[in-house]
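**Q** what follows is a predicted protein model with its sequence.
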There are 2 protein chains.
Amino acid sequence: MVHNYFAEQDIAKSYRLLNIGATTLIGASYEGDLDYMAAAWAGVCDFDKGYAIIDKSHYTRPLIEKSGRFVLCYPTVGIVKQVMKLGSISKNDDKDKLEHSGAELIELPGISMPVPKGCAAYLEYEVIPNAQMEQSIDMFLGKCVKVISDTRVYHNNHWHFDSADESLRTLHYVAGGHFYAIGKEIYLPEYGDD
Amino acid sequence: MVHNYFAEQDIAKSYRLLNIGATTLIGASYEGDLDYMAAAWAGVCDFDKGYAIIDKSHYTRPLIEKSGRFVLCYPTVGIVKQVMKLGSISKNDDKDKLEHSGAELIELPGISMPVPKGCAAYLEYEVIPNAQMEQSIDMFLGKCVKVISDTRVYHNNHWHFDSADESLRTLHYVAGGHFYAIGKEIYLPEYGDD
């Protein structure tokens, strides 16, 4: 079921979703084999391009290499336990990892694979092949082709955490089970734009 | 003057400083010509490596190319106005940009250039040359050679925002004068480590 608080957002402004540096869930699917991994080392590298650093040991990596696609999801406080499980269990060791994580998968219009419920935003990327970066620093580049947000926290090209429930704040992982949620807004109106 | 709350930190664990995705000030200096620019597109790409995306229009870029070094600083709420000025004025247009930003420069042991006071951490990198990435996506890679933190918010390889003043929280830039400070800690002790 698609909830009515999801809506498509402007790709050209989607760097604003990624700029705050939240921890991601990286998803990929090939011939029905879906995986999600948690990753802090993923984000934005141009106004319409993202990147994801994915070590060769990860189950997710060949799914990206074979499908040429990945999804970056921005999980919120409400699913922190599921995020931690998705980041600490490998599908190499547990083929039912997704079920065991407790993540609820949903379908979103325009996103080519099921995504975990409870994220502030979902961005799909088409891989921009670059063998040198993929091999040397495990970095995959992607061109953003679709952006869907939870409009309770992101709409009109801006975050709106302050008017939403605390459980909808983005997660910023440190290490060893420690996260921070995004906090208070600071606005300098003399630099304000649209 | 070096304040006594600064201390060197473990490079091997320094990814924990960067994982939360805070906005940076990128610094570089060549033959006494120093510049700082604000950048959300910089961070960690391996346990001891960082990256910075620096468009060819930035004054800072040739300083990095010629010196082979850059510094990533993690500014806090207390200097948000200086950060915004460092991010919105180019030294191409104002040679006295640093003075006009209001940033106070200090010297730190082991860091090769003056740094802006009011940051949670300062990391110096030696550029790992990669012409393809520098030219194609404006990404500079660096090996971390020194880490200094403000121990009021980061020590023993962990952040300690909750016991520090609110003005010492990291900044996470969106766009158009909008920032968020880092927020509340969430800890899942079953995943706890050192």
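**A** Sure, I can see it.

**Q** need the contact list for residue A:149.
**A** Shown in contact with residue A:149 (CB atoms under 8 Å, 6 or more residues apart in numbering or on different chains): A:6-7, A:9, A:17, A:120-122, A:155. All C-beta atoms are positioned from the backbone trio N, CA, C, and that covers glycine.

**Q** cutoff 7 Å now
**A** The contact partners of residue A:149, by CB atoms under 7 Å, 6 or more residues apart in numbering or on different chains, come to A:7, A:9, A:17, A:120-121, A:155.

**Q** of those residues, just say which sits nearest to residue B:139.
**A** Set against residue B:139, the nearest of the contacts of residue A:149 by CB to CB is residue A:17 (20.0 Å).

**Q** three-state assignment of the nearest residue to that closest one once chain neighbours are set aside?
**A** Excluding the flanking residues, the one nearest residue A:17 by CB to CB, 6 or more residues apart in numbering or on different chains is residue A:121, at 4.8 Å. Of the three states, residue A:121 takes strand according to DSSP: H, G, I helix; E, B strand; the rest coil.

**Q** so residue A:64: helix, strand or coil?
**A** Residue A:64 is classified as helix under three-state DSSP.

**Q** isn't it up against residue A:127?
**A** Yes - taking CB atoms under 7 Å as the definition, residue A:64 is a contact partner of residue A:127 at 6.4 Å.

**Q** identify the contacts common to those two.
**A** Shared contacts of residue A:64 and residue A:127 (CB under 7 Å, 6+ apart): A:70, A:140.

**Q** if we can go back for a sec, which ones are touching the residue nearest to residue A:17?
**A** A:17, A:74, A:147-150, A:154.

**Q** circling back: okay, residue A:64 and residue A:127: which has more neighbours?
**A** Counted by other CB atoms under 10 Å in any protein chain shown, residue A:64 and residue A:127 do not tie: residue A:64 has more neighbours, with 25 against 18.

**Q** now, of the contacts of residue A:149, which are buried?
**A** Among the contacts of residue A:149, the ones that count as buried by 16 or more other CB atoms under 10 Å in any protein chain shown are A:9, A:17, A:120-121.

**Q** which non-adjacent residue is nearest the residue in chain A that chain B sits nearest to?
**A** Closest contact between chain A and chain B, by CB to the nearest CB, is at residue A:21 (1.6 Å). Leaving aside its chain neighbours, residue A:21 sits nearest to residue B:21 (1.6 Å; criterion: CB to CB, 6+ apart).

**Q** ok, how many other residues are close to that neighbour?
**A** 28.

**Q** and it, that's in a helix?
**A** No - Residue B:21 is assigned coil when assessed by three-state DSSP, not a helix.

**Q** look up how far residue A:171 lies from it.
**A** 10 Å (CB to CB, to the nearest Å).

**Q** could you do residue A:94 as well?
**A** 22 Å.

**Q** and for residue A:186?
**A** As for residue A:186, its distance to residue A:171 is 20 Å (criterion: CB to CB).

**Q** neighbour count winner among these two?
**A** Ranked by neighbour count (other CB under 10 Å), residue A:186 and residue A:171 place residue A:171 first, with 27 against 19.
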